[in-house]
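Colleague: Coordinates for the following, if possible.
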Amino acid sequence: MKKLFLAMLICCGLFMVNQEIHLDSIIASFTAQAVETQATVVVGQDQAIDFETIEFDQAIEAEQLLTDLSEISTAQLGRSTQKLTYLDQSGQRQTLNLAVWVLQPINLEDLYGLENQINDYMASFEDQPLILNFEGWLDQERLNQLVNQQMKAGTYLSAITFRIDHQLNYTYYPDGRVDVTLEIDKYNHHNWQEEQAVNQYVQDVIDQLSLSRDQFTDEEMVRQVHDYIIHHAAYATPNDSEYLVGGSSSADVDTIAGISIHSPYAIIQEGRGVCQAYAALFQKFCDYLEIPCVFVLGQRDNDGLETHAWNKVMIDGQWYNIDLTWDDPIIGQESNDLISGGERDQYYLKSDATFQVDHQFETGLEFPSPADYEQY
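Modeller: Have a look, this model is predicted:
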């Protein structure tokens, strides 16, 4: 597999470094109605890429592409110059000079090294972007897999991460070299010190309640964690003191006392949080107790659908839904004191059918729960 890149030459013959223009982008700039062709880059016996049919806005006046794309697609490794001929809007024949770069794909050794560095970064609380340089072409789909494989839906890590930005930048040189730079920036709902505080809180509660398989079944431990979190948490609302609505930027989230309301740290520090904080904290407890559990994203009907998070937990080999947020009767105030019997069981260890009355699951998360738990 080889990858074809093109950059426009200016009329004086100098090419524009740092400008990546893919073949479909160049053709699209001609505002043609449709170009129905398939071109294949071939270097030796290796097939590189197929360019699919390119569709354009039908409202734009059509122009004709005259160059056979296969002439461009046969470029060899390195840099070469090509010409693309077309008819402009007035019907005049025009020629666009191109500089063509053909890259080898990234080799396996470099790919594995890249994967390890990305995994380490994604699992960290590093507050600076990750910047990596490498040689060769990396497919965008493969890059997305590398970036997101640590962020699989259902993990605690996915519960506390709210945005990931990544981009590839290419710099082209006259001798055919291409420098590739990958930049990844990950945003968490809390920092490393706060994560350590969450870990310590969870361990302290486990010790306080003497939770272990020597003393309790998995369901009994889930019950105690469910009740403990509900007794010590309240759902945060804008009416709470110290609640601050975030800005318009996606990097700005609502906070309470300066802490993201989506973070479990908000619950252990301020006794308040939203569904994501409840679910993330429950997930952390289950991870410590080695009880299989996943973080679930979806929607809930609350006088209209709204984004929501809950968990699925495995008891006796069977998955069950559990929603601590909607089992908590305390909303909009700090729940400092234990409230005996204050918790509810409406969303405790329920089947998918029960949840689907007012919950909608995010597609792609397959942990079927066929029945309610009935042994408690």
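Colleague: Please count neighbours and contacts with C-alpha atoms only from this point.
Modeller: OK.
Colleague: What distance do you get for Asp345 to Phe216?
Modeller: 20 Å (C-alpha to C-alpha, to the nearest Å).
Colleague: okay, these two: which has more neighbours?
Modeller: More neighbours surround Asp345 than the other of Asp345 and Phe216, with 16 against 13 (other C-alpha atoms under 10 Å).
Colleague: how many other residues sit next to Asp327?
Modeller: Asp327: 18 neighbours (other C-alpha under 10 Å).
Colleague: Tell me where the stretch 101-250 of the chain has helices.
Modeller: 108-122, 140-148, 156-160, 192-209, 218-231 (DSSP state H, counting those that start in this stretch).
Colleague: Select, out of the ones you listed, the one closest to Leu168.
Modeller: helix 140-148 (8.7 Å; C-alpha to C-alpha).
Colleague: buried ones in the closest one?
Modeller: Leu143, Leu146, Val147, Asn148 (16 or more other C-alpha atoms under 10 Å).
Colleague: Identify the residue spatially nearest to the second one, adjacent ones excluded.
Modeller: So that's Leu146. Leaving aside its chain neighbours, Leu146 sits nearest to Glu115 (6.1 Å; criterion: C-alpha to C-alpha, 6 or more residues apart in numbering).
Colleague: separation between the one you found and Arg142?
Modeller: 10 Å.
Colleague: again with Asp218
Modeller: 38 Å.
Colleague: Then Leu114?
Modeller: 12 Å.
Colleague: Likewise for Gln196?
Modeller: For Gln196, the distance to Arg142 - C-alpha to C-alpha - is 32 Å.
Colleague: what do you get for Asn169?
Modeller: For Asn169 relative to Arg142 (C-alpha to C-alpha), the value is 16 Å.
Colleague: And for Gln128?
Modeller: Counting by C-alpha to C-alpha - Gln128 and Arg142 are separated by 23 Å.
Colleague: now His231
Modeller: In terms of C-alpha to C-alpha, His231 sits 44 Å off from Arg142.
Colleague: Kindly report the same for Thr307.
Modeller: Distance from Thr307 to Arg142, by C-alpha to C-alpha: 29 Å.
Colleague: now do Thr181
Modeller: Taken as C-alpha to C-alpha, the span from Thr181 to Arg142 is 15 Å.
Colleague: what's the answer for Asp254, then?
Modeller: Distance from Asp254 to Arg142, by C-alpha to C-alpha: 33 Å.
Colleague: repeat for Asn119
Modeller: 14 Å.
Colleague: Same question for Gln224.
Modeller: According to C-alpha to C-alpha, Gln224 stands 42 Å off from Arg142.
Colleague: And for Gly271?
Modeller: 41 Å.
Colleague: And Glu194, by the same measure?
Modeller: 32 Å.
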